[in-house]
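Novice: Sequence and predicted structure, then a few things I'm wondering about:
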Amino acid sequence: MKLLGPTLIARVIRRPGAMVQHLCADRGYAGKLAAQAQKQCQCVPHVRQSGEEIRTAQDGRRHPERRWVVERTRSGLNRFHQLPVRLEKPAESHEAPLEFASAPFLFRPRLAIQGEVPREAAAVAGCHGTCEVRNEG
């Protein structure tokens, strides 16, 4: 909880003052320190309690909940088995696999804008048939 306050304060994109800021979080952000940080940043907290997931799935919401960007990115990086455990001492040995693992996250939006994905990039990006693949030849 030490980083919640500084993270909320250090937002890169400031929104207009009239808009209400909502903070969707899981049960780990329920507590006095988190409540103080949310109040300080003038956020409306939406903290999920245990058992809520089942109730919201049954009420048939039109817009399903989305995963936080950092959570989604970390989930994707976990597929590369060398990243979670850093065994190498020099920083360069850790940066190379991290940059390689980040490539699909960097190129996926660009490839989607262009509308065509080379077969190799689709395999690396993990499109699994959801991207348009152009036959070369």
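Specialist: Perfect, thanks for sending it.

Novice: Would you mind giving the domain segments of this protein?
Specialist: Listed domain ranges for the chain are 18-66, 70-125 (source: automatic domain parsing).

Novice: I'd like to know which of those has the weakest mean confidence.
Specialist: Averaging pLDDT over each of these singles out domain 70-125 as the lowest, with a mean of 63.

Novice: What residues are bridge-paired with the residue nearest to Tyr29 when sequence neighbours are not counted?
Specialist: The shortest distance from Tyr29 to any non-neighbouring residue, by Cβ to Cβ, 6 or more residues apart in numbering, is to Val47 (5.7 Å). C-beta here means a position set from N, CA and C on the backbone, and glycine is covered the same way. Beta bridges link Val47 to Ala25, judged by DSSP bridges.

Novice: and the gap between Val47 and Ala96?
Specialist: 38 Å (Cβ to Cβ, to the nearest Å).
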